[in-house]
Structures are given as structure tokens and as C-alpha cells.
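# sequence? don't have it. structure:
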Ligand SMILES: O=C(O)c1cc(C(=O)O)c2c(n1)C(=O)C(=O)c1cc(C(=O)O)[nH]c1-2
């Protein structure tokens, strides 16, 4: 029987299938496991923070691309909050500023992060793939791909619980970003999930949605693969070139 003829999953089953993708989340990547168990050198933590800054600055561009493709005013009214969360607004500095403070807390200047000098090509390509995908996909597809955030509150909480114990050299006011995201990610996911469950109705569409979520998981995993090579294996690009 072709996939298009199969019975659609119920809303609950479909949500369960999406949630079952958690095992592929980057919380399980060996780089992340080392990071969370206090086994990374300062240089590797700094590398992660500097590379992730490119993700932080790309997310609002990605969300603006989704907004640009979105014909539904009610969705845009909610989605615009994501851009504000990162870029900030009057009286609220936003996530990018909080990430710059995380950079300072690990010993990297703002200029160093903003210069993108530490961003590895593999990390850049992975993140650019996400932004480009959002430019060309439908807004519902792009919303679905953001659902890795289903698994994000746990990863942020783990950092809040474990980093201060393991990395006493990190200034505690660097942790505001992670604290901020706990609530924001939960709210984002509620919205992204309702779009996804409403929009992908046939079994074929539901399978397609699982593929979109996997694509985003691949992006996050691939970023850490590049960081593993650079900061664990000490083999950044061209390391063998004289
Ligand atoms: O630190 C993390 O592990 C992590 C993961 C993710 C994610 O799962 O995509 C996001 C974030 N953080 C995050 O801070 C964030 O603002 C964010 C936005 C999005 C998205 O796809 O729209 N993912 C994530």
C-alpha cells in the first residue's frame, strides 16, 4: 500500500512521532555530552559559544523569512515575537545581547564574536542551510522544522544545573540567555506544534513533517560534528596544510 493511501495518524499519534525524534537531538551528541559533564577545555567552550553566536544572529533572519512567506495575519502576530526575543526592543535587550554577555562570561569580547572569526565553515554551512530552507519552504514547513525546540528547555536547564558546578571560571551572569529561553522555547513550541498538527493532515504530509524535523536535527548535529573536529580532535579545516 502506498504511503498516500495509509490512514493518517491521529493528532496524538502524530505528536508522539514528532516527540520520538528526541533521540536525535544534539543533547546526545558526544560534544554536547562532554560539555555538559564538565569535560571540555576552556578553548572548546569558547569555540562553542563563538560558533553558536552565528546561530543566534541567524535565527531572527530565519524568522523574518518565515514571516515574509506567511499569508496569515494571526500567525504573523505571534511569530513576530520570536524576532523581538532575539533582537530585543526598548527596555529589553534580547537574546543576541544575552549571548554577547555569555561570550564575555567565557572570556570572549563582543568584537570577537561579532567578527565571526571563529565560525567554522561546517557550522556556517549548516546554519545557512536552515535560513535558506526557511526562505524557500512554505511557512508551515518552516514552522515545523523549528520544532527541535520541543527538546530545548531540557538542554538549557541542563546547562543551568551543570555548568556552574563544572566550569567555575565562567562568570554567572553569562547564564541569562539559557534562563530566558526556558519560557520562550515553551511558548514557541506550543505555537509551532499547533501549526504543524493542524496543517499536516494526510499520512503522506505527516511523514513529510517528520522529515522536516529530521532535517533540522541534522543541522544541529552537523554543527557539533564540525566543532568536534576543530576542538576535540584539534583538526580544524586545513590543519594538515603547511
Ligand atoms: O541551545 C540550544 O541547544 C538550542 C537549540 C535550539 C533548537 O533546538 O533549534 C534553539 C536554541 N537553542 C535557541 O536558543 C533558539 O533561540 C532557537 C530558535 C530555534 C528555531 O529553530 O527557531 N531553535 C533554537
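Perfect, thanks for sending it. Please read all numbers here as calculations on a predicted model, not as lab measurements.
# elements contacting the lengthiest helix in the chain?
For the chain, the helix with the greatest residue count under DSSP state H is helix 42-69. Applying 3 or more C-beta pairs under 8 Å, 6 or more residues apart in numbering; DSSP states H and E, we find helix 42-69 packed against helix 30-36, helix 73-87, helix 94-105, helix 110-114, helix 121-136, helix 139-145, helix 203-227. Heads up, the C-betas are built off the backbone N, CA and C, glycines and all.
# That one and the ligand, any residue contact?
Yes: Helix 42-69 is in contact with the ligand by C-beta under 6 Å from any ligand atom, via residue 59.
# How far away from the center of its chain is that helix?
Offset of helix 42-69 from its chain centre (C-alpha atoms, centre = their mean, to the nearest Å): 8 Å.
# where does the protein dip in pLDDT?
1-4 (pLDDT under 70).
# near the ligand, which residues of the protein show up?
59, 146, 148-149, 152, 155, 181, 220.
# If we use 8 Å, what do you get?
Contact residues, the chain versus the ligand (C-beta under 8 Å from any ligand atom): 25-27, 32, 52, 55-56, 59, 62-63, 82, 85-86, 95, 130, 145-152, 155-156, 159, 177-178, 181, 184-185, 188, 216, 220.
# which non-adjacent residue is nearest residue 19?
residue 150 (6.3 Å; C-beta to C-beta, 6 or more residues apart in numbering).
# From residue 192, how far out is that neighbour?
8 Å (C-beta to C-beta, to the nearest Å).
# Just want to know which of the two has more residues nearby.
Between residue 150 and residue 192, residue 192 has the larger neighbour count (other C-beta atoms under 10 Å), namely 24 against 21.
# any idea which helix or strand carries the more buried one?
Using DSSP states H and E, the element containing residue 192 is helix 176-199.
# Report how many residues lie close to the nearest residue to residue 228 once chain neighbours are set aside.
Nearest residue to residue 228, sequence neighbours excluded (C-beta to C-beta, 6+ apart): residue 31, at 4.9 Å. Residues lying near residue 31 (other C-beta under 10 Å) number 22.
# what's the answer for the one 5 residues further on, then?
Residue crowding around residue 36 was assessed by other C-beta under 10 Å; the count is 17.
# ok, now which ones touch it?
27, 158-159, 162 (C-beta atoms under 8 Å, 6 or more residues apart in numbering).
# The residue nearest to residue 228 and the ligand, how far apart?
According to C-beta to the nearest ligand atom, to the nearest Å, residue 31 and the ligand sit 12 Å apart.
# hang on, the earlier thing: what's the helix holding residue 192 in contact with?
11, 14-15, 18, 75, 78-79, 81-82, 85, 95, 98-99, 101-102, 140, 143-144, 146-147, 149-150, 152-153, 156-157, 159-160, 205, 209.
# Just the buried subset of the residues you listed, please.
14, 18, 75, 78-79, 82, 85, 95, 98-99, 101-102, 140, 143-144, 146-147, 149-150, 152-153, 156, 159, 209 (16 or more other C-beta atoms under 10 Å).
# which of the helices and strands packed on helix 42-69 sits most buried?
With neighbours defined as mean count of other C-beta atoms under 10 Å, the helices and strands packed on helix 42-69 peak in mean count at helix 139-145, which reaches a mean of 24.
# Distance check, residue 92 against the ligand.
Per C-beta to the nearest ligand atom, residue 92 is found 15 Å from the ligand.
# which residue packs closest to that residue, ignoring adjacent ones?
Residue 92's closest residue in space is residue 84 (C-beta to C-beta, 6+ apart), at 7.8 Å.
# pretty sure the one you found contacts residue 96?
No: using C-beta atoms under 8 Å, residue 84 is not in contact with residue 96; the gap is 11.3 Å.
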